[in-house]
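Enquirer: Got a predicted model here, sequence first, then my questions.
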Amino acid sequence: MRLSLIHIWPHIATSTALKNLSVTLFAIRKRLQEEGLPATAIDGVRQSLRLDPLLAVDTQDYLRALARAARAAHKVDRDRALEEAIALFGAGLLPGVRADWLTAHQETFQQLYRVAVD
């Protein structure tokens with residue numbers, strides 16, 4: 001997903017948004033290290049960020065579980081994949097975080113969850 005700073009912090013000056021980004025990245029890297037992960041798991045390259053491809057992201061696992069459920073030929077496999085997806089969903093996508101750029105993604109994940117539990 002490509003986002004610009006204006007999507008994350010739409011009502012502040014670019015210089016302030018860049019400072020916010022720097023502070024946020026510092027906090028994330030610190031938290032990663034506390035969890036035993038390298039600070040390089042998030043890499044700032046020029047004007048973009050990327051996650052280390054070896055870093056597991058639960059949203060990817062959630063979508064994969066839903067895809068496995070959709071492809072399952074047997075009910076037991078479908079149910080197992082749906083149970084995994086439901087467990088991964090937890091409280092939702094970035095619960096408590098409100099941002100214009102995030103709202104559509106939160107709603108999509110919530111709709112997928114509703115389908116999984118039905």
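Expert: Done, it's in. Numbering: from 1, shown residues only.

Enquirer: Spell out, range by range, the strands that occur in the chain.
Expert: When assigned using DSSP state E, the strands of the chain occupy the ranges 42-45, 48-51.

Enquirer: who's in contact with the first one?
Expert: Meaning strand 42-45. For strand 42-45, the external contacting residues (C-beta atoms under 8 Å, 6 or more residues apart in numbering) are Leu25, Ile28, Arg29, Leu32, Leu49, Arg50, Leu51, Asp52. Placement of C-beta: from N, CA and C, glycine included.

Enquirer: Run through who's touching the longest helix seen in the chain.
Expert: Across the chain, the longest stretch assigned as helix under DSSP state H is helix 14-34. Contacts with helix 14-34, where a contact means C-beta under 8 Å, 6+ apart, come from Leu5, Ile6, Ile8, Trp9, Ile12, Pro38, Ala39, Ala41, Ile42, Gly44, Leu49.

Enquirer: Tabulate those (JSON lines), appending neighbour count and distance to Arg71.
Expert: Formatted as JSON lines, these follow (neighbours: other C-beta atoms under 10 Å; distance: C-beta to C-beta, whole Å):
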{"residue": "Leu5", "neighbour count": "16", "distance to Arg71": "38"}
{"residue": "Ile6", "neighbour count": "13", "distance to Arg71": "38"}
{"residue": "Ile8", "neighbour count": "16", "distance to Arg71": "35"}
{"residue": "Trp9", "neighbour count": "19", "distance to Arg71": "39"}
{"residue": "Ile12", "neighbour count": "14", "distance to Arg71": "44"}
{"residue": "Pro38", "neighbour count": "12", "distance to Arg71": "34"}
{"residue": "Ala39", "neighbour count": "14", "distance to Arg71": "37"}
{"residue": "Ala41", "neighbour count": "17", "distance to Arg71": "30"}
{"residue": "Ile42", "neighbour count": "16", "distance to Arg71": "32"}
{"residue": "Gly44", "neighbour count": "13", "distance to Arg71": "36"}
{"residue": "Leu49", "neighbour count": "13", "distance to Arg71": "32"}
